[in-house]
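Asks: Using only what follows, build the 3D model:
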Amino acid sequence: AIRSCSVPVIACLHGLVTASGLEIASVTDLTLCTKQTKFCIPGMNLGLNACKPAAVFSQALNQKAWKLGLQMLLTGKTTTIDADAAYKKGFVNYVAADYQDMNAMALEYGNTIASKSALCVSMGKHSFYEQLDC
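Replies: The predicted structure follows:
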């Protein structure tokens, strides 16, 4: 649904992101977070199977790091990664100092995208994901 949306979807994250929140953040087009944000898959430590969020999170990581999501799911070790690690692994586009900085950057991204041709943005987004699926 998010991928098929004609306009880019920007996630702004603050605090603890887990389960379905992690899954949603994994499929947005751009992801911003504050320095205080942490991402986790604690299911195994709680006796829960969180394979869907772990799989979507793993797919969203850059190609060298997808096994991190599987490790987090299966072992419960390294169940939390911080914002800087998520940025280094390519999961987030921008790490803000605080909530206000994150909102300002989201508006900047949004205004920049809105200033472009809506047809080009929509077609570009669609083509990008189509190429990823090949």
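Asks: and residue 12, what element?
Replies: strand 10-13 (DSSP states H and E).
Asks: pretty sure residue 9 is touching residue 29, no?
Replies: Yes - look at residue 9 against residue 29 with Cβ atoms under 8 Å: they come within range, at 5.1 Å. Heads up, the C-betas are built off the backbone N, CA and C, glycines and all.
Asks: Show me the shaky parts of the chain.
Replies: Along the chain, the model assigns pLDDT under 70 to residues 43-70, 72-73, 76-79, 134.
Asks: let's see it at 90
Replies: 1-3, 18-27, 39-81, 85-86, 88-91, 127-134 (pLDDT under 90).
Asks: my read is residue 81 is in a strand, agree?
Replies: Yes - Residue 81: assigned to a strand according to DSSP: H, G, I helix; E, B strand; the rest coil.
Asks: my read: it touches residue 38, true?
Replies: Yes - Residue 81 is within contact range of residue 38, at 7.1 Å (criterion: Cβ under 8 Å).
Asks: All set now, cheers.
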